[in-house]
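Asks: Pasting the sequence and the predicted coordinates here, then a few questions.
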Amino acid sequence: MLDALDRQILQALQTDGRKSNADLARALGVAPSTMLERIRRLEERGVLKSYRAVLDPAALGLTIQAFVSVSLDRHDTAYIERFESGVQAIEEVVAAYHLTGRLDYMLHVSARDLPHLGEIIKSRIASIGGVGKVETFLVLSEIKPAGGWPLEAAANGPSPVLPSRGA
């Protein structure tokens, strides 16, 4: 479980992952040795997984962002493993999610332009064995970028189970 200091540390790092331990310690009012130990523990527990730079895809020439939904023809283990392995090998797929419901997967694809996106979908995603239906959704604008996790919501633990109406 995370205590209040852990959540403060994580929130500060989600906002600015380049802050030094000394700066974090000063900002949160703890000794640098305490900060170092807390961060080390968060890393060991797998709560703090990595430190990354956030890049601007448009500045890199990747002007098209799209979400590509995929439904598989079959859902046996071999087909699922083949698809997931194939997706992991496609550099332009920057995130992939296995879903419940009528869609099996949602892929976030980043491309230079529409012809590049079409090539990725036709030649690389749809060609993976077992792919049945593919549907593409172009991103018009980003309303809320992927960012930090809701630490206060996590601190409160799981929601209580409500009794069913029949109970």
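Replies: Yep, it's here.

Asks: In this structure, where is pLDDT below threshold?
Replies: Within the chain, the stretches with pLDDT under 70 are 155-167.

Asks: Which residue ranges make up each domain of it?
Replies: Here the domain parsing of the chain from automatic domain parsing is 4-53, 58-138.

Asks: Trp149: which of those is closest?
Replies: If you check each of the domains of the chain against Trp149 by Cβ to Cβ, domain 4-53 wins as the nearest, at 7.1 Å. For every residue, glycine as well, the C-beta is placed using N, CA and C.

Asks: which residue is nearest the centroid of the chain?
Replies: Centroid-nearest residue in the chain, with Cα atoms, centre = their mean: Ala95, separated by 6.2 Å.

Asks: who does the host helix or strand of it pair up with?
Replies: Using DSSP states H and E, Ala95 falls within strand 93-98. Looking at strand 93-98 with DSSP bridges, its partner strands are strand 105-111 (antiparallel).

Asks: Could you pull out the buried residues of stretch 4-16?
Replies: 6, 8-10, 12-13 (16 or more other Cβ atoms under 10 Å).

Asks: how distant is that stretch from the center of its chain?
Replies: Here stretch 4-16 is found 18 Å from its chain centre; the criterion is Cα atoms, centre = their mean, to the nearest Å.

Asks: Dump it to CSV, restricted to CA.
Replies: Provided in CSV are the C-alpha atoms of stretch 4-16 (Å, rounded to 0.1, in the frame of the first residue of the first chain):
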residue,chain,number,x,y,z
ALA,A,4,0.9,9.8,1.7
LEU,A,5,4.6,10.4,1.1
ASP,A,6,4.8,7.7,-1.5
ARG,A,7,1.9,9.3,-3.4
GLN,A,8,3.5,12.8,-3.2
ILE,A,9,6.8,11.4,-4.6
LEU,A,10,5.0,9.6,-7.4
GLN,A,11,2.9,12.7,-8.2
ALA,A,12,6.0,14.8,-8.4
LEU,A,13,7.8,12.3,-10.6
GLN,A,14,4.8,12.0,-12.9
THR,A,15,4.8,15.8,-13.3
ASP,A,16,8.6,16.0,-13.8
